[in-house]
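In: With the input below, show me the fold.
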Amino acid sequence: MPRKKSFSLKTFTHKTFRRLERFVFLLKSLLTPRQFIYFSCVLVGISSALAVIILKTFAHWVYKSAQRLDDVFHLPYSNSTLPIIGIIITVIIVKKVLDGSIEKGTSQIMYAVAKKRGIMPRKQMFAQIITSSFTVGMGGSAGLESPITVTGAAFGSNYAQNYRLSYKDRTLLLACGVAAGIGAAFNAPIAGVLFAIEVVLAEISITAFIPIMISAATGALVSTVMLNENILFSFKKVQFFDYHNLPYYILLGVLSGLVSINYARTFRKIEHYFGGLKFNIINKALFGAGILGVLIFLFPSLFGEGYESIKLLADSNPERLVQNTIFERFEDSKWILLLFVGATMLIKVYATSLTLGAGGNGGNFAPSLFVGSYLGFCVAYFFNIIGFAKLPIGNFTLVGMAGILSGLFHAPLTAIFLIAEITGGYNLMVPLMIVSSVSFAISKRFEPYSFDIKNLADKGEVFTDNRDANILNSIDVAKLIQTDFKSISVSNNLEELVEKIQQSDADIFPVLDEKNTLLGLILLDEIRPIVFSQFKVKYTSTYEVMQPPKEIIFYDETLETIMEKFDTSGCKVLPVLKDGIFLGFIYKQLILEKYRMRLKSMIIE
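Out: This is a model prediction of the structure:
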């Protein structure tokens, strides 16, 4: 008798996916390009929302499983021990499963848009979910929103690659994935749209809003239907805005800007310190996670994302933060409670940077909300204690989140509408606008770039608010170098030069030694009278006619810097060196042609 074929879930899933893929290709052939983009942004929105649901649910499951294990084995100081275990698991997964590397933070999204033409690695569609779930789910002091946005961007990018869409459409769908991720994570579609536009996209037309809005709305809808409401971060208890409190909101905005600057600079210092450590990955994980464990022991609210502690502050139950801590006996002292909350706020940046520096995966989105809520609470609580005013602690706690988010990520509109949406209304719109704008203005004054992308922006590797620089820095310098030159060696006559002139139509010739070191340049226009005289050709040395270059381009320079050198020198062509070795020439005209082509391809319509 013939053997029956056994059912294979893997085969069934693969066949279903292939049928769906063929159906989408068929639709692409039947629909107009714009119609297909609208259809695609819905699929990307659904995919990103499902990724958010999986990530949030898996992280929640990891946390609950860790708590159940703790109930069985009674781990000593479990809140301090679990983050160490979670970070070590993350490090092992990265080493054994993900080829030893994983890009962290939203900066990689901007880098993909600016330098990789919107292409993101396929592994980012699942790598962020697995690693951040273990890191944050087991208590690492970071957030899940950054992995969520990276995952959504990866879905949009790889969808576009799979269906052979252009760079503009690929970038648009990447932004759709980001918007859907934020929209699903917070049930805040408007904030998702604004985050994609403020943070990810540098150039966008009005018509591009529609696909992004569709994706964000789709993501929020899917999340609302399928995700447990307890896992979502939301508030319903908000008081109306009292204009008498306006000066205190302005003060909160100023403090938010200053705290954002301190957070950004402290985080970069610790990140740089861990980057320079010579430990192996396990020892580095133990070192960083061990210090993190001590901080969580002293300040338990640093455990995980910290959203539960934010809700305690917003609901005016701050005394519960010190329960089961070494400060519990001071629970009834308002000043000790204020100092405890303030210290936790300032230490959060150390906890987050230790989590990520040790090898864990997560982001700074949730920590920024954490720090902002604690700052807002401290401001209101302080003035209430001294009897100077009676401020609504819940409102200040929520508005403070917008202040830090705006100052840290340079995304004031995202901050305003995110808090407005998660509070279920717009009663706080005026204070949100004031605090976010003041914080952004102060932070922007001292930190020109968002802290998450500062290192890349300094290298010219991401888009900034300088449009010309964005376009120039998106062009690959290496592809502009012209290497089909005719070089001249040092000689007592110009016979070799005359021969090279006859063989090519070049008007500039580099004089090189045997090590390809540039000694000087010979410009044809300036030696024409000499080359037409046989006597002068025979008795004129290269030293007499060559001249030093007015400017030199170095291989690792950005195109923005290169264009500045063209402008200051007045030259149309400049030599390129790498480690002292002559590589070739770059022509200004070629850069301008590439600029025009890239400008046309970058504006998303």
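In: And the pLDDT at Tyr77?
Out: Note on Tyr77: pLDDT of 69.
In: can you check Ala366 too?
Out: With respect to pLDDT, Ala366 scores 89.
In: who does the helix or strand it falls within touch, helix- and strand-wise?
Out: For Ala366, the element it lies in under DSSP states H and E is helix 365-385. Using 3 or more CB pairs under 8 Å, 6 or more residues apart in numbering; DSSP states H and E, the elements in contact with helix 365-385 are helix 145-162, helix 246-275, helix 307-314, helix 334-357, helix 393-409. For the C-beta atoms, the positions are set from N, CA and C on the backbone; glycine is no exception.
In: Quick check: which of the ones you listed is buried the most?
Out: helix 393-409 (a mean of 30; mean count of other CB atoms under 10 Å).
In: Check the offset of that helix from the chain's centre.
Out: The chain centroid and the centroid of helix 393-409 are separated by 20 Å under CA atoms, centre = their mean, to the nearest Å.
In: Report the mean per-residue pLDDT for the following helix or strand past that helix.
Out: With elements assigned by DSSP H and E, the helix or strand that comes after helix 393-409 is helix 412-422. Throughout helix 412-422, pLDDT has a mean value of 90.
In: Let me know the angle separating the very next helix or strand once past helix 412-422 from helix 365-385.
Out: Counting by DSSP H and E, the element after helix 412-422 in chain order, helix or strand, is helix 429-446. Counting by axes from the mean of the first three to the mean of the last three CA atoms, to 10 degrees, helix 429-446 lies at 110 degrees to helix 365-385.
In: Counting by contacts, list what helix 429-446 packs against.
Out: With contacts defined as 3+ CB pairs under 8 Å, 6+ apart, the packing partners of helix 429-446 are helix 246-275, helix 393-409, helix 412-422.
In: Compile those helices into a markdown table and extend it with columns for distance to Ile501.
Out: Output for the helices and strands packed on helix 429-446, formatted as a markdown table (distance: least, CB to CB, whole Å):
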| stretch | distance to Ile501 |
| --- | --- |
| helix 246-275 | 52 |
| helix 393-409 | 57 |
| helix 412-422 | 60 |
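In: Nearest approach to Ile581 belongs to which of these?
Out: helix 246-275 (29.3 Å; CB to CB).
In: gap between that closest one and the chain center?
Out: That offset, for helix 246-275, works out to 18 Å (CA atoms, centre = their mean).
In: what about it, average pLDDT?
Out: 93.
In: Provide the contact partners of the helix or strand just after that helix at residue level.
Out: Downstream of helix 246-275, the next assigned helix or strand under DSSP H and E is helix 281-298. Defining contact as CB atoms under 8 Å, 6 or more residues apart in numbering, one finds that helix 281-298 is touched by 77, 79-81, 83-84, 87-88, 91, 94-95, 139-141, 274, 277, 279, 302-303, 325-326, 347, 350-351, 354-355, 357-360.
In: A strand includes Gly387, no?
Out: No - Gly387 is assigned coil when assessed by DSSP: H, G, I helix; E, B strand; the rest coil, not a strand.
In: Emit the PyMOL select command for whichever of the contacts of helix 281-298 are buried.
Out: Selecting only the buried entries of these in PyMOL, with 16 or more other CB atoms under 10 Å as the criterion:
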select buried, resi 79+80+81+83+84+87+88+91+94+95+139+140+141+274+302+303+325+347+350+351+354+355+357+358+359+360
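In: Quickly find the element holding the residue of the chain positioned farthest from its centre.
Out: What lies farthest from the middle of the chain is Phe535; by CA atoms, centre = their mean that is 64.8 Å. Using DSSP H and E, Phe535 sits in helix 534-539.
In: which other residues reach the helix or strand just after that helix?
Out: Using DSSP H and E, the helix or strand that follows helix 534-539 in sequence is helix 542-545. Contact with helix 542-545 is made by Ile488, Ser489, Val490, Ser491, Leu494, Leu497, Val511, Gly520, Ile522, Glu526, Ile527, Ile530, as judged by CB under 8 Å, 6+ apart.
In: So which bits of stretch 550-564 are buried?
Out: Across stretch 550-564, burial judged by 16+ other CB under 10 Å covers Ile553, Thr558, Leu559, Thr561, Ile562, Met563.
In: pull the CA atoms of it into PDB?
Out: This file holds the C-alpha atoms of stretch 550-564, laid out as PDB (Å, rounded to 0.1, in the frame of the first residue of the first chain):
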ATOM      1  CA  LYS A 550      45.000  73.700  -4.300                       C
ATOM      2  CA  GLU A 551      43.000  71.300  -2.200                       C
ATOM      3  CA  ILE A 552      43.200  67.500  -1.500                       C
ATOM      4  CA  ILE A 553      40.200  65.200  -1.000                       C
ATOM      5  CA  PHE A 554      40.700  62.500   1.500                       C
ATOM      6  CA  TYR A 555      38.900  59.200   0.900                       C
ATOM      7  CA  ASP A 556      36.800  59.200   4.200                       C
ATOM      8  CA  GLU A 557      35.500  62.700   3.800                       C
ATOM      9  CA  THR A 558      31.800  63.500   3.300                       C
ATOM     10  CA  LEU A 559      30.500  65.000   0.100                       C
ATOM     11  CA  GLU A 560      29.400  68.100   2.000                       C
ATOM     12  CA  THR A 561      33.000  68.700   3.000                       C
ATOM     13  CA  ILE A 562      34.200  67.900  -0.500                       C
ATOM     14  CA  MET A 563      31.900  70.500  -2.100                       C
ATOM     15  CA  GLU A 564      33.200  73.100   0.400                       C
END
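In: got the contact list for it?
Out: The contact list for stretch 550-564, computed with CB under 8 Å, 6+ apart, reads 459-460, 468-469, 472-473, 475, 477-478, 518, 565-566, 568-571, 574-579, 583, 586, 588, 591.
In: Name only those of these that count as buried.
Out: 460, 469, 472-473, 475, 477, 518, 565-566, 571, 574-577, 583, 586, 588, 591.
In: now, which of the residues you listed lie within strands?
Out: Applying DSSP state E to those, the entries found in strands are Leu518, Leu574, Pro575, Val576, Leu577, Leu583, Ile586.
In: List just the nearest of these to Glu421.
Out: Nearest member of these to Glu421, counting by CB to CB, is Ile586, at 48.6 Å.
In: With adjacent residues omitted, what lies nearest to the closest one?
Out: Nearest non-adjacent residue to Ile586, counting by CB to CB, 6 or more residues apart in numbering: Leu480, 5.2 Å away.
In: measure the one you found to Ser406 for me?
Out: Counting by CB to CB, to the nearest Å, the separation of Leu480 from Ser406 is 38 Å.
In: thinking again about what came up before, also compute the angle for the helix holding Ala366 relative to helix 145-162, please.
Out: Here helix 365-385 runs at an angle of 150 degrees relative to helix 145-162 (the same axes, to 10 degrees).
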